[in-house]
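Participant: Here is the input, now give the coordinates:
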Amino acid sequence: MMKWVLFSPELYYVVMAAVFFFMSLERQAEPRKLYKWAVILSGVGVLATVLGARLQGTLFFDAYRIDLFSQVFKILIAIGTFWVMLVCSELKGVDERRHAEFYFLMTICTLAMMMLVSAVELLTIYITLELSSYSLFLLVPMRKHDGEYAETGIKYFMIGATASAMMLFGLSYLYGVTHTTYVAEVVKALPRVFNQPAAVLGLVLALAGFLFKQALFPFHIWAPDVYQGSTNQVAAYIATGSKMAAAAMVIRFIGFGNADSGYFVQLLMVLSVLSMTFGNLVAIIQKDIKRLLAYSSIAHAGYMLIGILTMTEQGYASAIYYALAYLIMNFACFMVIIKVADDGHNLQIKELAGLHKRSPLLAMTLMLGLFGLAGIPPTVGFTGKFLVFAAALKKGYLILVIIGMVNATLSLYYYLIVIKAAYLLKPVREYLPVRVDGVTRSLSIALVVLMICVGIFPDRFMQLTEAAAAALLM
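Facilitator: Got it, this is the predicted structure:
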């Protein structure tokens, strides 16, 4: 097989980015034309990524690994990008003259994240992570009335640059103690040097960059402001596609560690507990639904870490399944936000009042998405939490599971507040009916079916995640 075939999904997105780049050079902006091209090209991108799912091999002097683990996450990233493109029909939060640049940056970010999940060499990982990060740094301040949200973009950039510096410092320590930049060699060398403080410090600092992307406590500080300050579509992209790449790299990096490295596992436990507890407690007082989902994402990063820190094949498989579940549930919530706030404004929870009458389908989609995030059966979110808790129990982490279950119960409160607004509250003023076109209707139905069916019948998906976890540990 020709080597370039292994890189075919990424090459496709390079071509897709080139298309939007040349479109950005046109003097006259045509938003409808750009939207159609974005949907078609991102849809073909999902197909190209799925067709490459069984590819295996290495590229670029073994710095780039194509296996089932990386290909599964590439599919999730491609699906997340396609879904976000679908809901960009009313991209009123971005100036029409910048729509081409918007799609271009989103495509570049998708390409970078796909490369990130296949990178198995420290410098390659760093460069691809920075490419994805800087694309987001430019997407966030593209919102109209940029003076109002300029602080958000600056804060995101400054915190991101700090996390990047910490990660680079950690990578230098890893290189110093292992004398290699290849992940496979680092994995072999770390158990022998893990008793050295430099090895532990290097691994923790290197993880900082990925924990920043995943918004895990204490690297969460950017998330609420960025979710609120960016356009609804960009917030949806950060909450879905970006989180898939972050989850993949946290799993791969924690795979560096040794199951017997007690202090490292204890550190991850502390981060998991703090992330779950902080995210859920602060989410309770939120009035802006995007800020609420931002703090919710901090809590869910903690849940996912419960499966990862077991450092077992079952734990990694459960974390991959949880990532799939989170993509579906979170996008369902953001799709409703985008459609209800079709003028691009930040949606307050009280503005959802009477949604079940204005659009019963969107209200049901939102309800199931929030039930899934809360872990209520028979949704995919319940199955995801059950799997990560089961993996932790098998490892003997009973206290951690109990804390996770208490936090899941706590989260019910603020999710139910949103559902109460959509179904029980009467609007203080008359809101306009929500326009649901054919694309939105089809997407809503598909998400509802996925949230139920993947939760009730997880067997095939678990077989895929188990195979992906096995490929990771090879």
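Participant: C-alpha only now, for contacts and for neighbours.
Facilitator: OK.
Participant: okay, now Leu116: neighbour count?
Facilitator: By other Cα atoms under 10 Å, the residues close to Leu116 number 26.
Participant: Pretty sure it sits against Leu122.
Facilitator: No. Contact criterion Cα atoms under 8 Å: Leu116 and Leu122 do not qualify, at 10.5 Å.
Participant: Low-confidence ranges, the stretch 301-450 of the chain, go.
Facilitator: 428-432 (pLDDT under 70).
Participant: What ranges does it have for its strands?
Facilitator: Applying DSSP state E, counting those that start in this stretch to the stretch 301-450 of the chain gives no strands.
Participant: report the longest helix in this protein, please.
Facilitator: In the chain, assigned by DSSP state H, the helix with the most residues is helix 146-178.
Participant: Quick check: buried residues in that helix?
Facilitator: Going by neighbour count (16 or more other Cα atoms under 10 Å), the buried part of helix 146-178 is 146, 149-150, 152-153, 155-157, 159-161, 163-175, 177-178.
Participant: Stretch 119-130 now?
Facilitator: By neighbour count on 16+ other Cα under 10 Å, the buried set for stretch 119-130 is Ala119, Val120, Glu121, Leu122, Leu123, Thr124, Ile125, Tyr126, Thr128, Leu129, Glu130.
Participant: which other helices and strands contact the host helix or strand of Ser275?
Facilitator: Using DSSP states H and E, Ser275 sits in helix 262-283. On a contact count with 3 or more Cα pairs under 8 Å, 6 or more residues apart in numbering; DSSP states H and E, helix 262-283 meets helix 289-308, helix 398-423.
Participant: Quickly note the distance from the residue nearest to Glu130 when sequence neighbours are not counted to Leu136.
Facilitator: Once flanking residues are discounted, Glu130 sits nearest to Ser164: 7.7 Å by Cα to Cα, 6 or more residues apart in numbering. From Ser164 across to Leu136, the span is 14 Å (Cα to Cα, to the nearest Å).
Participant: one step back: what's next to the helix holding Ser275, contact-wise?
Facilitator: With Cα atoms under 8 Å, 6 or more residues apart in numbering as the test, helix 262-283 has contacts from 200, 216-218, 257, 259, 291-293, 295-303, 305-306, 309-310, 400, 403-404, 407, 410-411, 414.
Participant: Please state the offset of that helix from the chain centre?
Facilitator: 18 Å (Cα atoms, centre = their mean, to the nearest Å).
Participant: list the buried ones in it?
Facilitator: Buried residues in helix 262-283, counted by 16+ other Cα under 10 Å: 264-265, 268-269, 271-281, 283.
Participant: what's the closest of those residues to Lys357?
Facilitator: Set against Lys357, the nearest of the buried residues of helix 262-283 by Cα to Cα is Ala283 (26.5 Å).
Participant: pLDDT value on the closest one, please?
Facilitator: pLDDT recorded at Ala283 is 88.
Participant: Can we start the residue count at 740 from this point?
Facilitator: Fine by me, first position is 740 from now on; the one you just mentioned is Ala1022.
Participant: Compute the distance between it and Met1015, please.
Facilitator: Following Cα to Cα, the distance that separates Ala1022 from Met1015 is 11 Å.
Participant: confidence score at Trp822?
Facilitator: 91.
Participant: Now for it, which secondary structure element holds it?
Facilitator: With DSSP H and E as the test, Trp822 turns up in helix 807-825.
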